Structures are given as structure tokens and as C-alpha cells.
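Trainee: All I have is the shape, not the residue letters:
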């Protein structure tokens with residue numbers, strides 16, 4: 001029944017559909033420097049470890065591919081938790097530790113970038129769980 005669909009609503013008058021100019025700095029293809037991450041710096045840790053939580057990772061990701069993803073940044077460690085019942089299988093998230101606050105900040109600007117076939121999540125890791133420090137109730 002597709003042949004019954006009419007396309008006469010298309011207009012040849014280009015001015016009708018003229019789109020406003022595109023702000024290229026908001027496009028994912030913009031240079032990373034043009035996309036200052038929309039990050040509240042107060043959420044960043046005041047002291048080491050400077051750890052990023054990595055979510056939605058492809059299941060075939062390796063420490064090397066994570067280091068390559070963050071190339072140019074001072075990355076000191078990568079942790080990729082595995083399924084206890086199947087040590088071959090990753091849980092789909094991990095942590096990247098950076099040597100300095102600026103590397104962590106720049107890493108956060110890669111949130112939603114593609115790694116493999118996934119758009120991965122990069123966020124500040126929960127410091128309390130990372131250090132095992134809990135305030136006493």
C-alpha cells in the first residue's frame with residue numbers, strides 16, 4: 001500500500017524549509033576542545049584517587065582499548081569487574097583512574113562518545129565506595 005502515499009507535500013521553494021544556522025560547537029563532531037564538558041567541578045574529588053566510572057561498556061572491551069580511548073590523558077589504572085559466575089564475561093562497566101584532576105575532567109568530556117559499538121557513560125566515580133570510607137552514623 002506504499003504506492004498510495006502521496007509526496008505532493010514536498011515544496012520546491014527552498015526558503016520555506018531554510019533551517020537556522022547550526023552551532024557546530026554542540027555537534028558531536030565538533031573538536032573536543034570546543035565542547036567544554038558540562039560538568040560541575042564541585043563534584044570532582046579534591047584529592048586522589050581521581051576515578052571515573054565507565055558505563056555501557058562493550059563486553060569485549062579490554063584495558064588496552066580503555067587506555068586507547070583515553071589516550072593523551074594521564075591514566076594510571078583501569079578496573080573492569082567480571083561476572084563472578086563467568087570470569088570471561090565483563091559486567092559492562094568499569095573504572096579508570098587518572099593521575100591528575102585535569103585528566104579526570106577531560107575524561108568526563110568523553111561522556112557519550114563511542115567505544116566499539118557503544119556510546120559509553122563517563123562520570124565521576126562514587127569516592128566513598130571507592131575508598132571504603134563511610135562516615136560513622
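Mentor: Nice, thanks for sending it over. Since this is a predicted model, take the numbers as computed values, not measurements.

Trainee: In this structure, where is pLDDT below threshold?
Mentor: Low-confidence segments of the chain, defined by pLDDT under 70, span residues 1-38, 127-137.

Trainee: Show me the helices in it, by range?
Mentor: Secondary structure of the chain (DSSP state H): helices at 63-69, 101-108, 127-131.

Trainee: I'd like those helices written out as a markdown table, with distance to residue 88 and mean neighbour count added.
Mentor: Where you see a C-beta, it was placed from the backbone N, CA and C, and this is true even at glycine. Formatted as a markdown table, the helices of the chain follow (distance: least, Cβ to Cβ, whole Å; neighbours: other Cβ atoms under 10 Å):
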| stretch | distance to residue 88 | mean neighbour count |
| --- | --- | --- |
| helix 63-69 | 15 | 15 |
| helix 101-108 | 27 | 19 |
| helix 127-131 | 25 | 13 |
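
Trainee: Need the ones you listed in CSV (columns: distance to residue 43).
Mentor: Formatted as CSV, the helices of the chain follow (distance: least, Cβ to Cβ, whole Å):
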stretch, distance to residue 43
helix 63-69, 21
helix 101-108, 9
helix 127-131, 10
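
Trainee: so which of these comes closest to residue 39?
Mentor: helix 101-108 (5.0 Å; Cβ to Cβ).

Trainee: can you list contacts of that closest one?
Mentor: 32, 37, 39, 41, 44-45, 50-52, 70, 73-75, 96, 98, 122-124 (Cβ atoms under 8 Å, 6 or more residues apart in numbering).

Trainee: So residue 73 sits against residue 98, correct?
Mentor: Yes - contact criterion Cβ atoms under 8 Å: residue 73 and residue 98 qualify, at 6.2 Å.

Trainee: So for residue 92, which of the helices of the chain sits nearest?
Mentor: Residue 92 lies closest to helix 63-69 among these, at 13.0 Å (Cβ to Cβ).

Trainee: what about the residue nearest to residue 110 when sequence neighbours are not counted, how many neighbours?
Mentor: Take residue 110 and drop its neighbours on the chain: the residue closest to it by Cβ to Cβ, 6 or more residues apart in numbering is residue 122, 5.3 Å away. The burial count assigned to residue 122 is 23, neighbours taken as other Cβ atoms under 10 Å.
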